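A.B. asks: the following comprises the amino acid sequence and a computationally predicted model.
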Amino acid sequence: MTRGARAGRAGAGRRRKGATLTDHESQRETMVRRQLRARGIANDHVLQAFREVPRERFVPDDLAEFAYDDSPLPIGEGQTISQPYIVASMIEAAEVEPGDRVLEVGAGSGYAAALLSRIAARVFAVERHAVLAREARERAATLGYANLDIIAGDGMEGLPEEAPFDAILVAARGIEVPEALKRQLAIGGRMIIPVGGEDVQQLRCLVRRAEETWDSHDIAPVRFVPLLPGSVPENGTRAASDHRPAREKGVSELIAEAAVPLPAIDDPAFARAFDRFADRRVVMLGESSHGTHEFYAARAAITQHLVRHHGFTVVAVEGDWPDAAAYDRYVRGRPQREGAPSPFRRFPTWMWRNTVMPGFLQGLREINAGRDDADKAGFYGLDIYNMSGSIEAVLAYLDEHDPRAAAVARERYGCLTPWQADPATYGRAALRRGYAECEDAVVAQCRDLLEQALAHDGESFGAAMNARLVASAERYYRVMYYGGPESWNLRDSHMAETLEHLLDERGPGAKAVVWAHNSHIGDARATEMGAARGEHNIGQLARERWGEDVALVGFGTHGGTVTAASDWDAEREVKRIVPSRGDSFERLCHDSGTARFLLDLSAGDAAARRLREPLLERFIGVIYRPETERWSHYSEAVPADQFDAWAWFDETRALEPLVRQEPHGQPPETWPFGL
């Protein structure tokens, strides 16, 4: 899973004095990415204009260090430069294109007009305050914006001598749209203007359809200064305004309104809340740690409900295929393979040998008891770590069904044999010359078994999947020593392909529930791992494969305890979770005041819209280091793009292993067969 976190959030370090041009260029790019694109501004012309025009040149020198804050700033004469997002929203709504003639009313510092001039062929801007108009003209000239004219005058009258305009943007409110401005729109032209009373206005789009026909619709609530007649000489004044959106509810307040409160996990109504995903082909249930009881208990309840009532027959987990096969035999009432080792004995054993799993597996077994074999739900592992277990399973199958082929397979796997117990050692050795031929051998074995599985029974399909795992694991352990995203991408590609094979094998109507960490199921394209490091994951790959037939449900918590280790293969510990950071997605959920809830992030409501911007999000794997939590366990993500929904458990407790001394104790050899 993703444990590291890279650079701090936007604004970190921005209070430094004497920022260089290079600093401002970087800040502009960050503004575009976080304040505009992340909030839904998608027009390439608009985004490029914001990258190009230096906002620091349009504010007083003593405020230049704040130029790229997500807020308005004072510019003198009691006026402000508007919040970048509001300006971008207005320009995008006006659909300004190259070749257009544009009028802006209320030029202020000239920033919006400058942006428009980087898109349109000709821009005229009118400003009532003569001193502001003069300063804006000087800025435009200094920056070389020759297609921009800034005029001191009465904006309510527009510029009839330069009309018609393809777009008119008005940066002051009116009770109604001025008739003179309506008449100066070209046929097909668009006007963006705030309309309404003193406290709140609606940003309105007016489109001229014909000589005497205009259509209009509202875009968003805002707050602007009044649109007044006349002009103000250089020594004049008028009331100030901040040009900000009208007072919006806080994100936590919006989450509280949109969230569906959840009852206790053992209440039947808990799982019914997830019926909204019952028609999907794939439902992925995440976790923000590998050691939280509530995440496992909730996923168990949801999964049993979907299997029992909605026809899901594939339960696929972030666990190893050969180990999961033992659980699969149990839940489907099949005999265990003779001599097979007890499953899931490698670190971290608590992930699949914990106090939640017996009841969950028993529940699946009881559901399956009354079903035909074709309709029984199976339990499958998607992961690639247990290479040795898969080799043993392949050889055992071939020994029983084709001893001659078994001999060939033993020869092919010979180069791997010395490292079966510790495949990471193979990875180090394979960096040297002389081991490359092993890949060809294991891939050949995989291909042979996959071909046989085309006319398979259940046993040959399992053998083919084990052979695939060996081939993938061989590559994985070899490339992991090179570093970079390749090993992560190979692992998640293998898991996604295994899921696809499972759905194909179970038939065209098959539906799957997937259990994996949030870092695997949350669409990587909406996270730092995808945007900054070029990593993909199973959630992204599933969306690309099945589109809206996939539901990605993340799970999160604010505080409590967690089962984790301090280092890989170290002792299991129960650790206290540091309460979520004040600037994190988790803190917004905590501040909603709702202990358990399900939040639909695909609904398009106000909460989802506000969660379409980067936030810090916590990721705890099998290792937890609270002493370096910010850098070890937080990373940026855009929640509403990352997940379709979010399940929240404010206070959680550590997952308990079946034997408390695990990983180094000896768990019951009868598990899971003696349930």
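C.D. replies: Yes, it's here.
A.B. asks: shaky segments in the chain?
C.D. replies: 1-22, 77-78, 198-200, 223, 225-249, 384-402, 405-406, 408-487, 569, 660-675 (pLDDT under 70).
A.B. asks: which elements pack onto the strand or helix carrying residue 168?
C.D. replies: Taking DSSP states H and E as the criterion, residue 168 maps to strand 165-170. Strand 165-170 sits against helix 84-94, strand 101-105, strand 185-196, with contacts defined as 3 or more Cβ pairs under 8 Å, 6 or more residues apart in numbering; DSSP states H and E. Quick note: C-beta positions are derived from backbone N, CA and C, even for glycine.
A.B. asks: that strand pairs with which strands?
C.D. replies: strand 101-105 (parallel), strand 185-196 (parallel) (DSSP bridges).
A.B. asks: stretch 571-587: end-to-end distance?
C.D. replies: End-to-end distance of stretch 571-587 (Cα to Cα, to the nearest Å): 30 Å.
A.B. asks: where do the strands sit along the stretch 1-150 of the chain?
C.D. replies: For the stretch 1-150 of the chain, the strands defined by DSSP state E, counting those that start in this stretch cover 73-76, 79-81, 101-105, 122-127, 148-152.
A.B. asks: who are the packing partners of the fourth one?
C.D. replies: Read it as strand 122-127. In terms of contacts (3+ Cβ pairs under 8 Å, 6+ apart), strand 122-127 is packed against strand 101-105, helix 111-117, helix 130-143, strand 148-152.
A.B. asks: domain ranges for this protein?
C.D. replies: With domains defined by automatic domain parsing, the chain comprises 21-247, 253-383+511-652, 385-493.
A.B. asks: redo the ones you listed as TSV? Include mean neighbour count.
C.D. replies: Shown next, in TSV, are these (neighbours: other Cβ atoms under 10 Å):
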stretch	mean neighbour count
domain 21-247	19
domain 253-383+511-652	20
domain 385-493	18
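A.B. asks: so which of those domains is nearest residue 659?
C.D. replies: Residue 659 lies closest to domain 253-383+511-652 among the domains of the chain, at 7.8 Å (Cβ to Cβ).
A.B. asks: returning to that earlier point: quick one: closest of the helices and strands packed on strand 122-127 to residue 46.
C.D. replies: helix 111-117 (7.8 Å).
A.B. asks: closest one to residue 570 among the strands paired with strand 165-170?
C.D. replies: For residue 570, the closest of the strands paired with strand 165-170 is strand 185-196, at 59.3 Å, according to Cβ to Cβ.
A.B. asks: quick one: contacts of the closest one?
C.D. replies: 90, 93-95, 101, 164-170, 172-177, 181-182, 201-211, 214, 219, 222-224 (Cβ atoms under 8 Å, 6 or more residues apart in numbering).
A.B. asks: before we move on, the earlier item: which of the helices and strands packed on strand 122-127 sits closest to residue 290?
C.D. replies: Of all the helices and strands packed on strand 122-127, helix 111-117 sits nearest to residue 290, with 47.0 Å by Cβ to Cβ.
A.B. asks: just to revisit the earlier point, which of the helices and strands packed on strand 122-127 sits closest to residue 62?
C.D. replies: Per Cβ to Cβ, nearest to residue 62 of those: helix 130-143, 15.2 Å.
A.B. asks: how about the helices of the stretch 451-600 of the chain, start to end?
C.D. replies: Counting by DSSP state H, counting those that start in this stretch, the stretch 451-600 of the chain has helices at residues 458-479, 486-506, 518-521, 528-531, 538-546, 585-590.
A.B. asks: let me redo that: the stretch 201-350 of the chain
C.D. replies: According to DSSP H, counting those that start in this stretch, the stretch 201-350 of the chain carries its helices in the segments 251-258, 268-272, 293-310, 321-331.
A.B. asks: just send those back as a markdown table, with distance to residue 547 too.
C.D. replies: Shown next, in a markdown table, are the helices of the stretch 201-350 of the chain (distance: least, Cβ to Cβ, whole Å):
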| stretch | distance to residue 547 |
| --- | --- |
| helix 251-258 | 24 |
| helix 268-272 | 25 |
| helix 293-310 | 19 |
| helix 321-331 | 26 |
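A.B. asks: of all these, which lies closest to residue 654?
C.D. replies: helix 293-310 (6.5 Å).
A.B. asks: show me what that closest one is packed against.
C.D. replies: Looks like helix 293-310 contacts helix 268-272, strand 282-285, helix 357-369, strand 512-515, strand 550-564, strand 645-652 (3+ Cβ pairs under 8 Å, 6+ apart).
A.B. asks: now do the second one: distance to the chain's middle.
C.D. replies: Translated: strand 282-285. 15 Å (Cα atoms, centre = their mean, to the nearest Å).
A.B. asks: also the first one?
C.D. replies: For helix 268-272, the distance from its own C-alpha centre to the chain's C-alpha centre is 26 Å (Cα atoms, centre = their mean).
A.B. asks: contacts for that helix?
C.D. replies: By Cβ under 8 Å, 6+ apart, the surrounding residues in contact with helix 268-272 are 262-264, 298, 301-302, 304-306.
A.B. asks: farthest pair in these?
C.D. replies: Spanning the widest gap among the contacts of helix 268-272 are 264 and 306, at 18.9 Å by Cβ to Cβ.
A.B. asks: okay, the helices and strands packed on strand 122-127 in a markdown table with distance to residue 601 next?
C.D. replies: Compiled in a markdown table, these are given as follows (distance: least, Cβ to Cβ, whole Å):
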| stretch | distance to residue 601 |
| --- | --- |
| strand 101-105 | 36 |
| helix 111-117 | 31 |
| helix 130-143 | 41 |
| strand 148-152 | 41 |
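A.B. asks: so for residue 51, which of those sits nearest?
C.D. replies: Smallest distance to residue 51 across the helices and strands packed on strand 122-127 (Cβ to Cβ): 10.3 Å, for helix 111-117.
A.B. asks: what packs against the closest one?
C.D. replies: Against helix 111-117 (3+ Cβ pairs under 8 Å, 6+ apart) you get helix 44-52, helix 84-94, strand 101-105, strand 122-127, helix 130-143, strand 148-152.
A.B. asks: give me that answer again for 7 Å
C.D. replies: Contacts defined by 3 or more Cβ pairs under 7 Å, 6 or more residues apart in numbering; DSSP states H and E place helix 111-117 against helix 84-94, strand 101-105, strand 122-127, strand 148-152.
A.B. asks: just to revisit the earlier point, now tell me what touches the strand holding residue 168 from outside.
C.D. replies: Outside strand 165-170, the residues within contact range by Cβ atoms under 7 Å, 6 or more residues apart in numbering are 90, 94, 96, 100-106, 112, 181, 184-186, 189-193, 227.
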